[in-house]
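In: sequence-free structure coming up:
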């Protein structure tokens, strides 16, 4: 079974430029999460999807961040314009209601964003 | 809301035993997870506790006390490859079973 796939693996952009990250969750996983992890800290939730619906986006900075999950499968996270403080690792994870009692999430490898 | 605390760093010697503590406050507790994360990589699942007590898996054990809001991860016979960050995460049944993570404990194993 393929895991959660994220791309790109690394991205370096200049401040004020736009950037987008892509996530393909595990097949059949209805719940998809985007987390941001700053250096030396734990992941912090940005947005959670149940199928195609964003059910928790309270931590998403909506002035510059946007996300979508068309057809309830793949998801994209966009930042426009990027700021220096956005440099972090952006992790995507997915989970299934059928496996809700154990093993939590499956994480992708993340996208390491550097804004210069 | 959630509040999860764990030590920032720990150092231990190869072959020894180390215990990483985690305390939490949550409104809808529905399980506690431990993840291991190497720098630049995704977190990988280590253990899961939802009932009080000890779960053992090889060299790793995880303990939970729900009444105290407390968990620990115990690593025995430490190896150099155990050097990593260890993340404590609590699942909230009132928020779609969302996981909230602590800041992570960076463990350094020395020869």
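Out: Yep, it's here. Please read these numbers as outputs of a predicted model, since none were measured by experiment. Residues are numbered from 1 along each chain as shown, chains lettered A, B, ... in the order given.
In: how about residue A:84, phi and psi?
Out: The phi/psi pair for residue A:84 (degrees, to the nearest 10) reads phi -60, psi -40.
In: per-residue confidence at residue A:100?
Out: Residue A:100 is assigned a predicted lDDT (pLDDT) of 52.
In: just residue A:7 next, same as before
Out: For residue A:7, pLDDT reads 96.
In: state the distance from the closest residue to it other than its chain neighbours to residue A:105.
Out: Take residue A:7 and drop its neighbours on the chain: the residue closest to it by C-beta to C-beta, 6 or more residues apart in numbering or on different chains is residue A:22, 5.2 Å away. (C-beta placed from N, C-alpha, C; glycine too.) Residue A:22 sits 18 Å away from residue A:105, going by C-beta to C-beta, to the nearest Å.
In: likewise residue B:37?
Out: On the measure of C-beta to C-beta, residue B:37 and residue A:105 end up 13 Å apart.
In: comparing the two, which residue is more hemmed in?
Out: residue A:105 (31 against 22; other C-beta atoms under 10 Å in any protein chain shown).
In: could you measure from that one over to residue B:12?
Out: Taking C-beta to C-beta as the measure, residue A:105 falls 28 Å from residue B:12.
In: go on, residue B:23?
Out: Relative to residue B:12, residue B:23 is positioned 20 Å away (C-beta to C-beta).
In: same check on residue B:57?
Out: For residue B:57, the distance to residue B:12 - C-beta to C-beta - is 19 Å.
In: neighbour count winner among these two?
Out: More neighbours surround residue B:12 than the other of residue B:57 and residue B:12, with 18 against 10 (other C-beta under 10 Å).
In: what is the neighbour count of the spatially closest residue to that one that is not a sequence neighbour?
Out: Distance criterion C-beta to C-beta, 6+ apart; nearest residue to residue B:12, sequence neighbours excluded, is residue B:18 at 4.1 Å. By the measure other C-beta under 10 Å, the count of residues near residue B:18 is 19.
In: cool, residue B:64 as well?
Out: Around residue B:64 there are 22 residues (other C-beta under 10 Å).
In: then residue B:102?
Out: 23.
In: contact partners for the residue in chain B that chain A sits nearest to?
Out: Nearest to chain A in chain B, going by C-beta to the nearest C-beta, is residue B:101, at a distance of 3.5 Å. In this structure, residue B:101 makes contact with A:35, A:42-44, B:4, B:35, B:87-89, judged by C-beta atoms under 8 Å, 6 or more residues apart in numbering or on different chains.
In: give me the element the residue lying closest to it once chain neighbours are set aside is part of.
Out: Nearest non-adjacent residue to residue B:101, counting by C-beta to C-beta, 6+ apart: residue A:42, 3.5 Å away. Per DSSP states H and E, residue A:42 falls between elements, in no helix or strand.
In: and stretch A:37-47, what's buried?
Out: The neighbour-count check on stretch A:37-47 (16 or more other C-beta atoms under 10 Å in any protein chain shown) flags A:37, A:41-43, A:45-47 as buried.
In: ok so, going back, wait, a strand at the residue nearest to residue A:7?
Out: Yes - assigned with DSSP: H, G, I helix; E, B strand; the rest coil, residue A:22 falls within a strand.
In: number of nearby residues for it?
Out: Neighbour number of residue A:22 under other C-beta under 10 Å is 15.
In: contacts for stretch A:108-116, please.
Out: So stretch A:108-116 is in contact with A:3-15, A:19, A:21, A:23, A:37, A:79, A:82-93, B:40-42, going by C-beta under 8 Å, 6+ apart.
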